[in-house]
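Trainee: only the shape, not the letters, is given here:
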Ligand SMILES: Cc1ncc(COP(=O)(O)O)c(C=O)c1O
């Protein structure tokens, strides 16, 4: 498809198929990116200018909140945790299946990550597992909208309200996703987005966005992302971080914000093509949950066992198709967690799913021909096994 107009076009029919497509995406946007870079250079303002403000205003309007741009999803999470007053010894419940940043942000504030299991169908935080992990020290819960599908925010919000917990949505993988027509990031107290170049919506390298439901949180979020400053260059009110977004990234992300709906449609079309093609195979496919349409940041296939997953990965690799395992390890299995105070509940679903997961290439820039090569290769793998 032509990623500027979101229309279909012919694409490469041979050659390797990468697991990630951001290089192709930025190349497709090259003319517009160069125009924006030129504009910024002519204006001579590199941060804190009109482009960052415009991105914040438009994202806030579209996603229903009050936005502060920042330098990464990791920074967004760190600032959200601090802005909500979560600190030393507080417990924060999160799924064991997430990127390490969710846990690191909590640990950076001196709080304790509490890892719980996921729902086997959605791969997102299991609300019942979260409820079972509550203690008098629980202060917050961080649902992670995994692979582009939102966690069950109705159940999580209800749990949080009943126990007076803050809710931070980790929307790093779910820009543009919804739950019951409510956009990702608009249901919790703060939504944290990653705008890394490879995400569904991203700048040229790293970027992030905070979305607060309460506008009263914005001044604190801005201070935390700007070394504690509050407008005055030489006055630092608290220990903040160097967490600002640059004007060029803001301009590129703002441009992509208008393309996101068409890109999401294209992801859904490709996902449906995969799912249809795999209907007769012994594999699990991702899909919508009740009132939560998938946005397919990733397309995880669930194989019957880890050996078959490994064999499929090797087979696709020999065919020139790169797959990913998002993620190969649960966060509490990471070596870094040995040095971080944390708790882990029983996580059989997480541990059972991870080694059986093979994420197939999927991005708006993937051509129909490439998608067919992927489905053909998956079928060939199964035919060869009889
Ligand atoms: C679930 C999740 N949380 C947090 C992050 C951190 O975002 P960033 O890479 O922009 O710091 C990511 C990104 O990789 C992510 O996937």
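Mentor: Good, I have the coordinates. Computed from a predicted model, the values in this text were never measured in an experiment. Numbers count the residues shown, from 1 in each chain.

Trainee: use CA for all of it now, contacts and neighbours both
Mentor: Fine.

Trainee: got the domain ranges for this protein?
Mentor: Annotated domains of the chain cover 30-254, 258-385 [automatic domain parsing].

Trainee: ramachandran angles for the residue in the stretch 151-300 of the chain positioned nearest to the ligand?
Mentor: Relative to the ligand, the nearest point of the stretch 151-300 of the chain is residue 194 (3.9 Å; CA to the nearest ligand atom). Dihedral angles phi and psi of residue 194 (degrees, to the nearest 10) take the values phi -100, psi 130.

Trainee: circling back to that earlier point, so for residue 17, which of the domains of the chain sits nearest?
Mentor: Of all these, domain 258-385 sits nearest to residue 17, with 4.7 Å by CA to CA.

Trainee: how distant is the closest one from the center of its chain?
Mentor: Its chain's C-alpha centre and that of domain 258-385 lie 15 Å apart, by CA atoms, centre = their mean, to the nearest Å.

Trainee: could you shift the numbering so residue one becomes 588, and keep it that way?
Mentor: From this message on, residue numbering opens at 588, which makes the last subject domain 845-972.

Trainee: straight-line length of it, end to end?
Mentor: Terminal residues of domain 845-972 lie 45 Å apart, using CA to CA, to the nearest Å.

Trainee: for residue 611, what are its contacts?
Mentor: residue 952 (CA atoms under 8 Å, 6 or more residues apart in numbering).

Trainee: against residue 784, how distant is it?
Mentor: 11 Å.

Trainee: shared neighbours, these two?
Mentor: By CA under 8 Å, 6+ apart, no residue touches both residue 611 and residue 784.

Trainee: on the three-state scheme, residue 656 is what?
Mentor: strand (DSSP: H, G, I helix; E, B strand; the rest coil).

Trainee: which residues of the stretch 788-937 of the chain lie near the ligand?
Mentor: Proximity of the stretch 788-937 of the chain to the ligand is confined to 793-795 under the rule CA under 6 Å from any ligand atom.

Trainee: can I get those in a markdown table with neighbour count, pLDDT and secondary structure?
Mentor: Below are these laid out as a markdown table (neighbours: other CA atoms under 10 Å; pLDDT from 0 to 100; DSSP: H, G, I helix; E, B strand; the rest coil):
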| residue | neighbour count | pLDDT | secondary structure |
| --- | --- | --- | --- |
| 793 | 20 | 98 | coil |
| 794 | 28 | 98 | coil |
| 795 | 28 | 98 | strand |
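
Trainee: name the nearest of those relative to residue 838.
Mentor: Among these, and counting by CA to CA, the member closest to residue 838 is residue 794, at 11.6 Å.

Trainee: contacts only, for the closest one.
Mentor: Applying CA under 8 Å, 6+ apart to residue 794 gives the contacts 656-660, 781-784, 832, 836.

Trainee: tell me the two of those that are most distant?
Mentor: Of all pairs in these, the most separated under CA to CA is 656 and 784 at 14.9 Å.

Trainee: coming back round to it: check the domains of the chain for me and report the most buried one.
Mentor: Mean neighbour count (mean count of other CA atoms under 10 Å) peaks for domain 617-841 among these, with a mean of 21.
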